[in-house]
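Student: here is the input, now give the coordinates:
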Amino acid sequence: MSRLYRDEAIVLRTYKLGEADRIIVLLTRHHGQVRAVAKGVRRTGSRFGARLEPFSMIDVQLHAGRNLDVVTQAEIIDPFGRPICADYAMFTCASTMVETAERLSADDGDLGTEASPQQYLLLAGALAAMSHRRHAPGLILDSYLLRALALGGWAPSCYDCARCGAPGPHRAFHVQVGGAVCESCRSAGAVEVEPVTMVLLGALLSGDWAVADASGRRERSQASGLVSAYTTWYLERRLRSLALVERA
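Tutor: This is a model prediction of the structure:
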């Protein structure tokens, strides 16, 4: 049986290997996260060259290996990285997105295999929106983080109480509880949240861009802080790229 397979993929990260090779971390559409060797890619005359740069969407052929697969062909579908890398705000936001995707798609039992295509499509859509400047980079990042966590089973409640289910809106948000909390369920660790901020969080989670784009600087800043804290708590690790993101 042939050990070759082909898939769409987004390049999440690359590592140097030896003098001329790189390890490429890919999020594929149908095979989840794949780590593969691109041989000779660091040489000046490499036929892969810029095709395997982070943020790129590619059509890739791989040879299945025992520990690492091997890239045998790669063609660019969409070079998201070109405009993203030219803008610091977009670059740091996109770096945080691919770092999150790498964490969520890792083969560690956190996600079932059925979630991988959804994670791939979500990341592809977010990178496309970022590269074409459809919305503010911070809004795209926060929406991506909330929706990626929701696919992993950690969707925050932005309206009803996350603890007792009491209908909202509510004015407090508790990261460890799972989102909005009513006055009866409010405990130490909950933070006061303005109603417009809660509306923005709901819009980012549902993809209501008309509401998100119309939001003001104050609610965006508060929402970003809550999204960052929520993401860190449920991923059980701090995202290195997130510390570099310029927040309003």
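Student: tell me the buried residues in stretch 169-177?
Tutor: Under the neighbour-count criterion of 16 or more other C-beta atoms under 10 Å, stretch 169-177 has 170-175, 177 buried. Placement of C-beta: from N, CA and C, glycine included.
Student: which of those sits closest to His63?
Tutor: Val175 (43.6 Å; C-beta to C-beta).
Student: for that closest one, give me its contacts.
Tutor: 189, 226, 229-230, 233 (C-beta atoms under 8 Å, 6 or more residues apart in numbering).
Student: inside helices: which ones of those?
Tutor: Among the contacts of Val175, DSSP state H puts 226, 229-230, 233 in helices.
Student: now for the residues you listed: which two are most distant?
Tutor: Top of the distance list for these (C-beta to C-beta): Leu226 and Trp233, 10.6 Å.
Student: between the two, tell me which one has more neighbours.
Tutor: Legend: neighbour count by other C-beta atoms under 10 Å for Leu226 and Trp233, higher for Leu226 (22 against 14).
Student: contacting residues around the more buried one?
Tutor: By C-beta under 8 Å, 6+ apart, the contact set of Leu226 is 173, 175, 191, 193, 197, 201.
Student: same list (the residues you listed) but as TSV, adding secondary structure and pLDDT.
Tutor: Shown next, in TSV, are the contacts of Leu226 (DSSP: H, G, I helix; E, B strand; the rest coil; pLDDT from 0 to 100):
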residue	secondary structure	pLDDT
Phe173	strand	96
Val175	coil	95
Val191	strand	95
Val193	coil	95
Thr197	helix	95
Leu201	helix	97
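Student: from the buried residues of stretch 169-177, pick the one nearest Ala126.
Tutor: For the buried residues of stretch 169-177, the minimum distance to Ala126 (C-beta to C-beta) is 22.2 Å, reached by Val175.
Student: distance of the closest one from Ala106?
Tutor: 22 Å (C-beta to C-beta, to the nearest Å).
Student: go on, Leu4?
Tutor: 24 Å.
Student: now the two most distant members of the contacts of Leu226.
Tutor: Most distant of the contacts of Leu226, by C-beta to C-beta, are Val175 and Thr197, 14.0 Å apart.
Student: do a quick rundown of the helices in this structure.
Tutor: For the chain, the helices defined by DSSP H occupy 81-85, 88-105, 116-131, 137-151, 195-206, 209-213, 217-235.
Student: so for this protein, the centremost residue is which one?
Tutor: Nearest to the mean C-alpha position of the chain, counting by C-alpha atoms, centre = their mean, stands Met97 at 3.1 Å.
Student: go ahead and confirm that one touches Leu141.
Tutor: Yes - with contact defined as C-beta atoms under 8 Å, Met97 reaches Leu141; the gap is 6.3 Å.
Student: and this protein, what are its domains?
Tutor: With domains defined by the TED database, the chain comprises 4-81, 82-243.
Student: what about this structure, any weak spots by pLDDT?
Tutor: Within the chain, the set of residues satisfying pLDDT under 70 comprises 1-2, 44-49, 107-115, 247-248.
Student: list the helices and strands the longest strand belonging to the chain packs on?
Tutor: Counting by DSSP state E, the longest strand found in the chain is strand 4-17. Contact partners of strand 4-17 among helices and strands, from 3 or more C-beta pairs under 8 Å, 6 or more residues apart in numbering; DSSP states H and E: strand 21-28, strand 33-38, strand 57-63, strand 69-78, helix 88-105, helix 116-131.
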